[in-house]
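Visitor: give me coordinates for this.
(2 chains)
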Number of protein chains: 2
Amino acid sequence: MNFPDRVVICEVGPRDGLQNEKVVLTVPQKVELIERSVEAGAKVIEIGSFVHPKAVPQMADTDEVARLMKRADGVEYRALVMNLRGLERAEAAGIRKAKFTVSASLSHSLSNHNKTPEQAVRDFADCAEYAAGHGIELSGAVSTAFGCPFEGRVPLDQVMNVIARFREIGVRELSLSDTTGMANPAQVFEYTVKVRKEFPDMTWVLHFHNTRGMGLANVVAGMAAGIDRYDACFAGLGGCPFAPGATGNIATEDLTHMCHEMGIRTGYDLDAVIAVGRTVQQFVGHDTVSFILKAGKCTDIIAANK
Amino acid sequence: MNFPDRVVICEVGPRDGLQNEKVVLTVPQKVELIERSVEAGAKVIEIGSFVHPKAVPQMADTDEVARLMKRADGVEYRALVMNLRGLERAEAAGIRKAKFTVSASLSHSLSNHNKTPEQAVRDFADCAEYAAGHGIELSGAVSTAFGCPFEGRVPLDQVMNVIARFREIGVRELSLSDTTGMANPAQVFEYTVKVRKEFPDMTWVLHFHNTRGMGLANVVAGMAAGIDRYDACFAGLGGCPFAPGATGNIATEDLTHMCHEMGIRTGYDLDAVIAVGRTVQQFVGHDTVSFILKAGKCTDIIAANK
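Guide: This is a model prediction of the structure:
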């Protein structure tokens, strides 16, 4: 088993975490979490989404957040967009990296967007063209890339097909997202080895939820397959609409801790990440499934008993 | 990454789970959990420990439990013993497999037993001799095999040394136990590859706690190294005295679910395992960290949405 020397942990909390919360954070709270995450070491951070305010009220103020947050050099501030209108809003707010999400599952795609996955990617072609003409970088996300609540396991061919469509519109960075926490390590290893081989010019990101406890195990499988970019969410916020009350994204502090224990560099200051996680719990007003926020680091324990 | 086709999941709940609970279950409750775990597919089950009743009051009735439980053919009913007196009690109760635990960490061993790890193993020599003379099988456990709350990471040499001492007294089955949830997947892979190579005639078991969220990730690393025996605990009971409130053992239902999703056979009926987990939660009277008891199986979700 070979692991990368270094991984990039993308902080998706301001978007994928906060959009699942009942409490809508204030703009200053969001700005604080973004700035402190970057100070803690985040080099990629998903700051929000430019979607219709009625669709996701938690993200309605993303324009303002983007304009107010201090920006650090060398950090990628990424936002989710759903269409050209959203991309124009993102650009107006100074966002230089946009992410489009398409579901690999036909049923899921039809149910959520009333279009096939292929059509959903093609409908982003105008956005891709606009982005290329305005120097905005693109990132794609294939959601339900491993399992779908309607269809069960999503066959690799279907995922490959969506990847190929993304490639056609010019996307060269893609995340495979286990939105509903159904991926398992054997499948992650198999799928990532094969997509890397089939699309060698693509940059890969893996996005796992810990719904069924396999989040970090899936990261280990992804790392063994050579993937070095992972999404994670402060304090482990996030959820799954099909499993109410279930655990959300893998927690940034849990993933950072595991990597450091494994001797894998992340660029994060783990104590600062933990401090962000505690603030997140205060802001949202409830406990979250974060192992490190509960148990502490391996090294904490040692100090306490010496 | 190669995984075994089949793994043996040893149910340690009746011992390692229940000994950490404030509520002491009744003998009929314990017998029910043991019998139902075996009906669900457990082929190895740790039914309790024969220690001084004052040391671990939760285990004081292990003799009675052992005498009352129905036994199935081909199932190993294992119990923890600390000395010859305990081994004699186990034998009198009809137990044919005894487990001895020794800590690999000098500080931990001195602190808990006032003797070095080497001395602790040597002190089991009389038990080993007795067992050999009475047809009782032996199992050893190296606790703090990966990390120690006092010493931090436990060097592999130290673990190897304890293993060698166990081998000298005739033990040929050993579990490496991450009692305090400090192991990480890179370390698990390294240690297990090396101990297997150094002691090829030993049967290995891995015992992980999910204290810092790495439990199933560590199993994946162990499986990639070829280990096919894992301890787990119904409903994820258990804990760590050094991290109060932290998550306990990996849950039997979570591990079984992951294995089945990976196409690895366990011999368990997952639905029956889940039913046992729910009963455990009722008996102990509180929620536990079990992902599958909360989120359901991957296949549940599909059925609910079809």
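
Visitor: which non-adjacent residue is nearest residue A:39?
Guide: Excluding the flanking residues, the one nearest residue A:39 by CB to CB, 6 or more residues apart in numbering or on different chains is residue A:272, at 6.5 Å. C-beta coordinates here come from the backbone N, C-alpha and C atoms, glycine included.

Visitor: is it correct that the one you found is in contact with residue A:38?
Guide: No. Residue A:272 lies out of contact with residue A:38 (CB atoms under 8 Å); the separation is 10.2 Å.

Visitor: spit out the contact partners of the nearest residue to residue A:182 once chain neighbours are set aside.
Guide: In this structure, residue A:182 finds its nearest non-sequential neighbour in residue A:147, 2.7 Å apart by CB to CB, 6+ apart. Counting by CB atoms under 8 Å, 6 or more residues apart in numbering or on different chains, residue A:147 touches A:153-154, A:178, A:180, A:182-183, B:298.

Visitor: likewise residue A:64?
Guide: residue A:27.

Visitor: that one belongs to a helix?
Guide: Yes. Assignment of residue A:64 by DSSP: H, G, I helix; E, B strand; the rest coil places it within a helix.

Visitor: can you classify residue A:70 by secondary structure?
Guide: Per three-state DSSP, residue A:70 ends up coil.

Visitor: can you report phi and psi for the residue nearest to residue A:182?
Guide: When read as degrees, to the nearest 10, the backbone of residue A:147 gives phi -150, psi 150.

Visitor: so what's it bridging to?
Guide: residue A:153 (DSSP bridges).

Visitor: rewinding a little: out of the contacts of residue A:147, who's the most crowded?
Guide: residue A:183 (33 neighbours; other CB atoms under 10 Å in any protein chain shown).

Visitor: where does the stretch 101-250 of chain A dip in pLDDT?
Guide: For the stretch 101-250 of chain A, no stretch has pLDDT under 70.

Visitor: check it for the residue nearest chain B and tell me.
Guide: Residue nearest to chain B within the stretch 101-250 of chain A (CB to the nearest CB): residue A:213, separated by 3.5 Å.

Visitor: re earlier: the more surrounded of residue A:272 and residue A:38?
Guide: residue A:38 (21 against 16).

Visitor: so that one sits in a helix?
Guide: Yes. Judged by three-state DSSP, residue A:38 forms part of a helix.

Visitor: mind checking the SS state of residue A:170?
Guide: Under the three-state scheme (three-state DSSP), residue A:170 adopts coil.

Visitor: ok, now how distant is it from residue A:127?
Guide: Relative to residue A:127, residue A:170 is positioned 10 Å away (CB to CB, to the nearest Å).

Visitor: equivalent analysis for residue A:9, please.
Guide: 26 Å.

Visitor: okay, the closest residue to residue A:98 other than its chain neighbours and chain B: tell me how far apart.
Guide: With CB to CB, 6+ apart as the criterion, residue A:98 has its nearest non-adjacent residue at 4.8 Å, and that residue is residue A:81. From residue A:81 across to chain B, the span is 28 Å (CB to the nearest CB, to the nearest Å).

Visitor: ok, now residue A:47?
Guide: Residue A:47 is 26 Å from chain B, by CB to the nearest CB.

Visitor: the strand or helix carrying that residue - what's its average pLDDT?
Guide: Using DSSP states H and E, residue A:47 falls within strand A:44-50. Across strand A:44-50, pLDDT averages out at 98.

Visitor: which of the residues in that strand are buried?
Guide: A:44-50 (16 or more other CB atoms under 10 Å in any protein chain shown).

Visitor: can you check stretch A:114-131 too?
Guide: By neighbour count, and taking 16+ other CB under 10 Å as the criterion, the buried residues in stretch A:114-131 are A:115-118, A:120-124, A:127-128, A:131.

Visitor: now the terminal residues of that stretch, how far apart.
Guide: Here the two ends of stretch A:114-131 are set 25 Å apart, with distance taken as CA to CA, to the nearest Å.

Visitor: centre of the chain to that stretch, how far?
Guide: How far stretch A:114-131 lies from its chain's middle: 20 Å, per CA atoms, centre = their mean, to the nearest Å.

Visitor: which residues touch that stretch?
Guide: Contacts for stretch A:114-131 (CB under 8 Å, 6+ apart): A:81, A:83-84, A:87-88, A:98, A:100, A:102-106, A:109-110, A:113, A:136-138, A:140, A:158, A:161-162, A:165-166, A:168-171.

Visitor: which of these fall within strands?
Guide: Assigned to strands by DSSP state E, the following of these qualify: A:81, A:98, A:100, A:102-103, A:137-138, A:140.

Visitor: and these, which two are furthest apart?
Guide: Greatest spatial distance among those (CB to CB): A:103 and A:137, at 22.3 Å.

Visitor: when the two are compared, which one has more neighbours?
Guide: Neighbour totals were compared for residue A:103 and residue A:137, and residue A:103 leads with 26 against 16 (other CB under 10 Å).

Visitor: if I read this right, that one contacts residue A:140, doesn't it?
Guide: No. Counting by CB under 8 Å, residue A:103 stays clear of residue A:140, with 11.8 Å between them.

Visitor: ok, residue A:172 - contacts?
Guide: Shown in contact with residue A:172 (CB under 8 Å, 6+ apart): A:138, A:201-203.

Visitor: just the buried residues from those, in PyMOL please.
Guide: In PyMOL, a selection of the buried entries from those looks like this (16+ other CB under 10 Å):
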select buried, chain A and resi 138+202
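
Visitor: farthest pair in the contacts of residue A:172?
Guide: A:138 and A:201 (13.9 Å).

Visitor: get me the contact residues on the stretch 201-306 of chain A for chain B.
Guide: A:210-217, A:219-221, A:224-225, A:240, A:242-243, A:245-247, A:251, A:254, A:257-258, A:261-264, A:291-292, A:294-299, A:301-302, A:304-306 (CB under 8 Å from any CB of the partner chain).

Visitor: hmm, I typed the wrong one, I wanted the stretch 1-150 of chain A.
Guide: Within the stretch 1-150 of chain A, the positions adjacent to chain B are A:1, A:3, A:147, A:149-150 by CB under 8 Å from any CB.
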